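Chemist: here is my input, please return the structure:
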Amino acid sequence: MNILAPSILSADFANLGDAVRTIDMAGAGYIHIDVMDGIFVPSISFGMPVIKSLRKCTDKIFDVHLMITDPDRYLADFKEAGADIITVHAEATSHLDRTISAIQEMGCKAAVSVNPATSLSSIEYVLDKLDTVLVMTVNPGFGGQKYIDYCTGKIKDLRHMIDRRGLKTDIQVDGGITLDNVQTVLDAGANIIVSGSAVFKGDADKNVKEFMKLLNK
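Modeler: Residues are numbered from 1 along each chain as shown. All right, here's what the predicted structure looks like:
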């Protein structure tokens, strides 16, 4: 099943609750929440209080993407704030296996993200433990960037790794995904699509529905 996970990093922060309700009603499967600390990536974004407030606006899955250093410090806090899926970066933690186990022991699904230039070998030995792998198709930190074309091959390689092992691990893709290139990403093997600017620029309700047509055909 293909899932759309709009990134609220591109929403109007003054009306964040309404934005979440809009994409919920339009058919989005997940709410993708980018957490940035100004260290691992240059930008600073949402924290636990914002996530906790938004939790009242929807029952959809909160897909919390931690672009922060040493994420282990805050895993329990994000779980308490309402996270259902917690994504950490392979590049941001020293003991990835332990971090994955901690996320799952709290009752959340565990995902690991890899930046465009990071080899899939960084997750090879933990792949069997993961619920999701997030392939970054832009360098993290800012919305509105252009999709990096070589990442298509990386998605295909990951799909082959997962299929060879007979796993059901989801492949999520984040960065520069639009209505024009989403089919390429789906054909490469992804099944969870993160999109920010292409959803929230203009009519979010209409844009979600257009994405869902492509994801469901």
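Chemist: need the contact partners of whichever helix or strand Val185 is part of.
Modeler: Secondary structure from DSSP states H and E places Val185 in helix 182-188. Helix 182-188 is contacted by residues 2, 137, 152-153, 155-156, 159, 173, 177, 193, 195, 211, 214-215 when judged by CB atoms under 8 Å, 6 or more residues apart in numbering. Just so you know, the C-beta spots here come from the backbone N, C-alpha and C atoms, and that holds for glycine as well.
Chemist: list the buried residues in it.
Modeler: Neighbour-count burial for helix 182-188 flags Val182, Val185, Leu186, Ala188 (criterion: 16 or more other CB atoms under 10 Å).
Chemist: between the contacts of helix 182-188, which has the most around it?
Modeler: When neighbours are taken as other CB atoms under 10 Å, the top entry among the contacts of helix 182-188 is Val173 (29 neighbours).
Chemist: tell me the contacts of it?
Modeler: Val173 sits next to Leu134, Val135, Thr137, Cys151, Ile155, Val185, Ala190, Ile192, Ile193, Val194 when contact means CB under 8 Å, 6+ apart.
Chemist: just confirm it is within a strand.
Modeler: Yes - if the criterion is DSSP: H, G, I helix; E, B strand; the rest coil, then Val173 is within a strand.
Chemist: and the helix holding Val185, average pLDDT?
Modeler: Taken as a whole, helix 182-188 carries a mean pLDDT of 98.
Chemist: C-alpha coordinates for that helix, CSV please?
Modeler: Extracted in CSV, the C-alpha atoms of helix 182-188 (Å, rounded to 0.1, in the frame of the first residue of the first chain):
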residue,chain,number,x,y,z
VAL,A,182,6.4,10.8,-7.8
GLN,A,183,5.8,8.0,-10.3
THR,A,184,9.5,7.6,-10.8
VAL,A,185,10.0,7.2,-7.1
LEU,A,186,7.1,4.7,-6.8
ASP,A,187,8.5,2.7,-9.7
ALA,A,188,11.9,2.6,-8.0
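Chemist: if I look at Thr22, how far off is Asn2?
Modeler: Using CB to CB, to the nearest Å, we find Thr22 at a distance of 20 Å from Asn2.
Chemist: mind listing the strands for the chain?
Modeler: In the chain, the strands defined using DSSP state E lie at 3-6, 30-36, 61-67, 85-89, 109-114, 132-136, 170-174, 192-195.
Chemist: which one of these lies closest to Thr99?
Modeler: Evaluated with CB to CB, the strands of the chain place strand 85-89 nearest to Thr99, the distance being 5.6 Å.
Chemist: and the closest one with strand 30-36, angle?
Modeler: 40 degrees (axes from the mean of the first three to the mean of the last three CA atoms, to 10 degrees).
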